[in-house]
Structure formats: C-alpha cells, structure tokens
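Asker: Give me coordinates for this.
(one chain, ligands or ions: 1)
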Amino acid sequence: MSESFISFLEKHLDNRNVVAYVNTPNDVGEYTSPSVSGRVDVSSIEQVIRIVQLADQYDGETALYPYSTGFNWGLGSTKPPSDNTVQLKLNGLNKIREINIAEGYAVIEPGVTQGTLSRKLLNTNRFINVTASSAETSFLGNALDRGVGLRHQRTEDLLGLEIVLANGTLHRVGWWPEQGKQSALYSHGIGPSLVQFFTQSNLGIITGGVVRLLNRPEKSRVAYISFSPENLEYAINTFQHWSAQGLIHGVLKIYDETSTLTYGANKGEFLVHLPISGAASVVSALSIALETEFV
Ligand SMILES: Cc1cc2nc3c(=O)[nH]c(=O)nc-3n(C[C@H](O)[C@H](O)[C@H](O)COP(=O)(O)OP(=O)(O)OC[C@H]3O[C@@H](n4cnc5c(N)ncnc54)[C@H](O)[C@@H]3O)c2cc1C
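Answerer: Alright, predicted model coming up:
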C-alpha cells in the first residue's frame with residue numbers, strides 16, 4: 001500500500017471537496033492531535049455514502065471522523081481519537097427539511113446551527129433548548145456528543161436520526177413524521193430503542209435528525225447571584241434544595257472565579273445563573289419566593 005487514503009479520495013471524488021493537510025491545524029484547546037491526513041467538505045448525503053464505500057475499498061488503514069460544525073471547544077474541537085484519520089466536515093448539509101410548529105418538531109441536517117433554528121422560531125409559540133455556546137454551533141452535533149442545553153440534556157431533544165452505517169447503507173431510527181399519519185412524538189417507538197445508540201458512538205455518520213421544539217414559556221427570568229468562594233458548599237446545597245423543590249427550572253450554571261470574568265461577576269467571586277420560567281403568575285410568585293429564601 002503506497003497511496004494515502006486522502007490521495008485515494010482526491011482521485012475518486014470531486015477534489016474541490018477534498019483538503020489534504022500538510023500539517024495538522026492547531027486546535028484552540030491545545031490538545032495533542034493524532035495524525036490527520038485531511039478533510040472532506042461534504043456537500044451531499046450521497047457523498048457521505050460514497051466516502052464510506054471508498055473507505056471500505058481502500059487497501060490500507062484509515063478512519064473517518066465526522067463532525068457537524070466542529071466547534072467542540074474545550075472538549076477536543078475537531079480532533080479525532082485515533083491516527084490516520086480523515087475528517088468529514090458536514091456543515092454543508094445544512095437544510096432545515098421541515099418545521100412543524102403545531103406538533104413541535106423540526107427535521108434538520110448536521111450543519112443547521114442553534115442560531116438558525118432559533119431565528120426560524122421567533123414570534124412563534126415554540127423555541128429550542130439552546131446551549132450557552134455560540135449561535136454558530138450545530139444543534140445535532142452538540143446533541144450527538146451529549147451536550148448540555150440550558151433547559152435539559154440535549155439528548156432528550158432527539159426524536160429520530162438518519163444514519164449512514166459502515167457498510168454504506170442509509171437508515172432511520174426513532175420517530176420520523178409520516179405523510180398523512182399523525183402519531184405522538186415518541187423517540188423510543190416499539191421495542192428496542194436505537195436513537196441513543198448513536199450518541200457518543202462511532203457506529204454511524206448522522207446525516208439528519210428530528211428534534212423537539214419546546215413550548216415557549218409565557219415568561220422567563222434569570223436571577224444572578226454572586227458569592228464568595230468560602231460559601232461555595234453552602235451555596236451548592238441551597239441551589240440543590242431550590243432545584244429539587246421547583247423554585248428554579250432548567251440547568252444551573254455556576255461559574256468559578258475565572259469564568260466569572262467573562263460572565264459578569266466581581267473579581268474573586270463565584271456567580272450562578274438561576275432560571276425561572278412558565279406562566280407570568282408563576283414566575284412572579286417564584287421571584288418573590290426566591291427573594292424570601294435568599295438570605
Ligand atoms: C464559552 C463556551 C460555552 C459553552 N457552553 C456549552 C454549553 O452550555 N453546553 C454544551 O454542551 N457545550 C458548551 N460548550 C462546548 C461546545 O462549544 C459545544 O458543545 C458545541 O455545541 C460543540 O460543537 P459543535 O456543535 O460544532 O459540535 P461538533 O464539533 O460538530 O460535534 C461534536 C462531536 O459530536 C460528534 N458528531 C458531530 N456531528 C456528527 C455527525 N453528523 N455524525 C456523527 N458524529 C457526529 C463528533 O464526535 C464531534 O466531534 C461551550 C464552549 C464554550 C467555549
């Protein structure tokens with residue numbers, strides 16, 4: 001075997017899509033990188049299938065590392081876990097195939113960002129479970145790596161997935177809309193449930209998915225509380241109690257003395273964001289309850 005897989009791909013694909021790396025580009029997280037020989041900027045599902053088939057035909061060792069937008073900052077960015085890898089950048093698959101406000105789902109491709117999807121839902125009674133990362137990050141990419149939204153774990157938003165398996169076949173698992181048939185949005189279906197099989201796994205390349213659109217609350221507020229490091233244990237116990245008793249909703253974000261420099265607390269202090277949302281009357285009542293509890 002003399003030819004590298006990236007040269008093999010250049011020969012068999014439209015080579016405007018293939019980028020051979022001479023040096024592996026630096027990663028913002030400064031992770032040591034295994035060797036990456038190049039990247040394919042994927043532009044269609046057929047191309048994903050073709051690349052997987054070519055990897056199978058290639059007479060040597062290689063690995064494919066798919067990512068959606070590749071902004072997994074602090075968690076490896078676009079770095080693969082093994083050597084001799086070719087990255088598949090899927091942000092060119094960026095169609096919103098369907099948005100169904102009434103039923104509460106969207107069918108999207110890996111390149112659809114949380115910013116794009118959020119903007120599409122402005123002035124509707126639906127919204128999405130955004131993360132605290134950039135608007136340019138992929139909704140599916142984050143969910144596939146079990147990211148954390150501000151409402152709950154992103155994996156809970158996945159209803160169905162479309163996957164290219166290692167043998168180059170395309171499949172759908174979980175819940176998908178069917179023309180002319182209404183069914184409850186239930187990702188588990190009947191029998192063994194396969195959606196979560198494909199999160200944090202290397203069992204397939206995801207080319208699309210159905211994601212939940214949430215009911216937009218009538219009102220949302222975020223209470224900011226800062227506290228000194230010596231009160232950390234007391235503060236955590238208190239927030240846990242408030243969360244368990246339903247005084248706050250969503251995911252608690254506690255920032256340490258370094259990250260608060262970005263998030264707006266005073267130097268040397270911790271900061272917590274406490275979300276409350278729901279009917280306006282509930283938010284008012286909870287705001288008063290929190291002020292009473294906070295001593
Ligand atoms: C200031 C800051 C705040 C942040 N806040 C959050 C936060 O609140 N919550 C959070 O979860 N993260 C957060 N992050 C981390 C990170 O930026 C996000 O998780 C981001 O969404 C991940 O990048 P991405 O969406 O581009 O995913 P990608 O990098 O595209 O995907 C992540 C990984 O999932 C797998 N994958 C992706 N797409 C596919 C596919 N189509 N097929 C198969 N496998 C695939 C790959 O292993 C890939 O490396 C934060 C980062 C910073 C710097």
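Asker: Show me what from the stretch 51-200 of the chain comes close to the ligand.
Answerer: Proximity of the stretch 51-200 of the chain to the ligand, by C-beta under 6 Å from any ligand atom, involves residues 66-75, 90, 110, 131-133, 137-138, 141-142, 144-145, 147-148. All C-beta atoms are positioned from the backbone trio N, CA, C, and that covers glycine.
Asker: Which of those residues fall within helices?
Answerer: Applying DSSP state H to those, the entries found in helices are 141-142, 144.
Asker: quick revisit: just the buried subset of the residues of the stretch 51-200 of the chain next to the ligand, please.
Answerer: 66-72, 90, 110, 131, 133, 137-138, 141-142, 144-145, 147-148 (16 or more other C-beta atoms under 10 Å).
Asker: Show me which residues of the helix or strand of the chain with the lowest mean pLDDT are buried.
Answerer: Every helix and strand of the chain was ranked by mean pLDDT, DSSP states H and E. The lowest is helix 260-263, at a mean of 80. Within helix 260-263, the residues that count as buried by 16+ other C-beta under 10 Å are residue 260.
Asker: Contacts for that helix next, please.
Answerer: With C-beta atoms under 8 Å, 6 or more residues apart in numbering as the test, helix 260-263 has contacts from 226, 255, 266-267, 269-271, 273.
Asker: Quick check: the two most widely separated of those residues?
Answerer: Largest separation among the contacts of helix 260-263 by C-beta to C-beta: 267 and 273, giving 18.2 Å.
Asker: more crowded one of those two?
Answerer: Remark: of residue 267 and residue 273, residue 273 carries more neighbours, 19 against 7, as counted by other C-beta atoms under 10 Å.
Asker: Could you look up the SS state of residue 115?
Answerer: Assigned state for residue 115: helix (three-state reduction, DSSP: H, G, I helix; E, B strand; the rest coil).
Asker: mind checking how far it is from residue 231?
Answerer: Using C-beta to C-beta, to the nearest Å, residue 115 is found at 36 Å from residue 231.
Asker: Quick one: end-to-end distance for stretch 186-204.
Answerer: Using C-alpha to C-alpha, to the nearest Å, the end-to-end distance of stretch 186-204 comes out at 22 Å.
Asker: correction: stretch 33-50
Answerer: Stretch 33-50 has an end-to-end distance of 27 Å (criterion: C-alpha to C-alpha).
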